[in-house]
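sequence unknown, structure follows:
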């Protein structure tokens, strides 16, 4: 069958336009749904990155002042080496910190271009033998006020906080977007159903003259696909806004050092966006498939 | 071309529309289906188009057992069957030419074929000067001509007509019958359900009479009675 693509496109847009209010509602609902799901994903990715320094059993990090004297540094190192409560530790010098920073913010060169390794605090990443949170707090506290120490960040505090916040936020967003997925699918179904209703006479004639079921269905399936894809596209600016106004706000935080690496790369935003487009397309096709399946039999 | 073998069709509530009906219609025949309302004429026609499936018996159209036809093949069966109605079933927002072109477009005919065949068929039915009118700007007879053009533009082997003159005055009906006769004379098998005694008695073609779902008469060159 020499199906005419011009015909399908024309019919699809005729359907969309005829139903413009419902189309608008369906597209916007899809956009909101996918924006929430995408935000959840960005928060999760950001939290992963923010807590990346605490991998492999590291429970607390002693950040030294960039201008700490070699004596001060030596004294911390000796204390760590002599403590029986410390299983092992790793010294991350300024060059390594800078490299790590560059890697974490690989897509935002403007963040590290103004920095030199000398601006960044070197640190000791400490793996204690007793990982009980009170013992860790106690141990970390011993280093808190030593000369040359800028700040001690404990995993028990920081990670727990970030994990907690990000997982709560993620769960709330995902639950909301799951409910909205259902609402979007129903709205797409109703919209396509209405379009089918408006074309009942045409469909009757099409069946009489021998149009195939697929030929009759394709414009309606494309209509649902359009809802999903446009909704998905509209989620992109939402993701950029979340990155700019939420995640980058965290990164400017002076108080919570870990939040400064609460970041996502442009590649991750793009990846999330592609995922959302795929979800939108599937959502649109499922919604319209139910509509045509219920209505358009031989 | 069309063969019914012991066909029975019952609707919900045990309404028997057709019982144990058998008939054989050759290629190029013109057949009137007559009988009172509810006698099974419409069911007869709808079975041929596979809008309905028989409860028992078999129906052959163009050599195929259409009861055994899988549903995705039904559209291809219908491309060989033109169908016209008492109420024309034209699309009100399309012009005469667009209504006819629609029938070709939706079965995937290429644009150049549509451009060539639509004016030709509208010329045949005598509407060459009204191609850009909308259905509500036409008389009943003209609307039925559009519907015939649409049914015939794909050159089907069979034309089914369900009371095509039911809404038309006698003079207009004669014009429609002349057109159907012409289509029949170029080899198309025509099956027409009608109440119009005058037409049947004038044309003197084969008549199949139905009563309560039974074929009670089948004669060539018959009359309405």
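Here it is on my side, so go on. This one's a predicted model, so the numbers in the text were calculated from it and none came from an experiment.

okay, the residue lying farthest from the centre of chain B and chain A: tell me how far apart.
Distance from the C-alpha centroid of chain B peaks at residue B:13, with 27.7 Å (Cα atoms, centre = their mean). Distance of residue B:13 to chain A, given as Cβ to the nearest Cβ, to the nearest Å: 22 Å. C-beta coordinates here come from the backbone N, C-alpha and C atoms, glycine included.

what's the answer for residue B:168, then?
Counting by Cβ to the nearest Cβ - residue B:168 and chain A are separated by 21 Å.

I'd assumed that residue was in a helix, is it?
No. Using DSSP: H, G, I helix; E, B strand; the rest coil, the assignment for residue B:168 is coil, not a helix.

that one: neighbour count?
Close neighbours of residue B:168, defined as other Cβ atoms under 10 Å in any protein chain shown, add up to 21.

and the residue farthest from the centre of chain B, backbone torsions?
Residue B:13 adopts backbone torsions of phi 80, psi 20, taken as degrees, to the nearest 10.

and the pLDDT for it?
Model confidence at residue B:13, given as pLDDT, is 76.

same question for residue B:167.
At residue B:167, pLDDT is 91.

just give me the residue closest to the centre of the chain.
Answering for chain A, as no chain was given. Most central in chain A (Cα atoms, centre = their mean) works out to residue A:42, at 1.7 Å.

my question was about chain B, not that one.
Short answer for chain B (Cα atoms, centre = their mean): residue B:160, at 1.6 Å.

what about that one, which helix or strand?
strand B:158-162 (DSSP states H and E).

remind me what that strand packs against, helices and strands.
helix B:41-48, strand B:81-85, helix B:170-185, strand B:189-193 (3 or more Cβ pairs under 8 Å, 6 or more residues apart in numbering or on different chains; DSSP states H and E).

so for residue A:31, what's the nearest residue that isn't a sequence neighbour?
Spatially, and ignoring its direct neighbours in sequence, residue A:31 is nearest to residue A:234 (3.7 Å; Cβ to Cβ, 6 or more residues apart in numbering or on different chains).

separation between the one you found and residue B:47?
Residue A:234 is 51 Å from residue B:47, where distance means Cβ to Cβ, to the nearest Å.

more neighbours, these two?
residue B:47 (24 against 18).

which residues does the more buried one contact?
By Cβ atoms under 8 Å, 6 or more residues apart in numbering or on different chains, the contact set of residue B:47 is B:4, B:7, B:9, B:18, B:53-54, B:59.

among those, which are located in helices?
When DSSP state H defines the helices, the subset of these inside them is empty.

buried among those? Make that a ChimeraX selection.
Per 16 or more other Cβ atoms under 10 Å in any protein chain shown, the buried members of the contacts of residue B:47 correspond to this ChimeraX selection:
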select /B:4,7,9,18,54,59
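
so which of the contacts of residue B:47 are also by chain A?
Subset of the contacts of residue B:47 in contact with chain A: empty, counting by Cβ under 8 Å from any Cβ of the partner chain.

and the strands in the stretch 1-150 of chain A?
In the stretch 1-150 of chain A, strands defined by DSSP state E, counting those that start in this stretch lie at A:60-64, A:86-92, A:123-128, A:149-154, listed in chain order.

and the ones you listed as TSV, adding distance to residue B:192 and mean pLDDT?
Below are the strands of the stretch 1-150 of chain A laid out as TSV (distance: least, Cβ to Cβ, whole Å; pLDDT from 0 to 100):
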stretch	distance to residue B:192	mean pLDDT
strand A:60-64	92	85
strand A:86-92	93	85
strand A:123-128	92	85
strand A:149-154	91	82
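
now render those strands as CSV, adding mean neighbour count and distance to chain B.
Formatted as CSV, the strands of the stretch 1-150 of chain A follow (neighbours: other Cβ atoms under 10 Å in any protein chain shown; distance: least, Cβ to the nearest Cβ, whole Å):
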stretch, mean neighbour count, distance to chain B
strand A:60-64, 23, 66
strand A:86-92, 16, 67
strand A:123-128, 22, 66
strand A:149-154, 19, 66
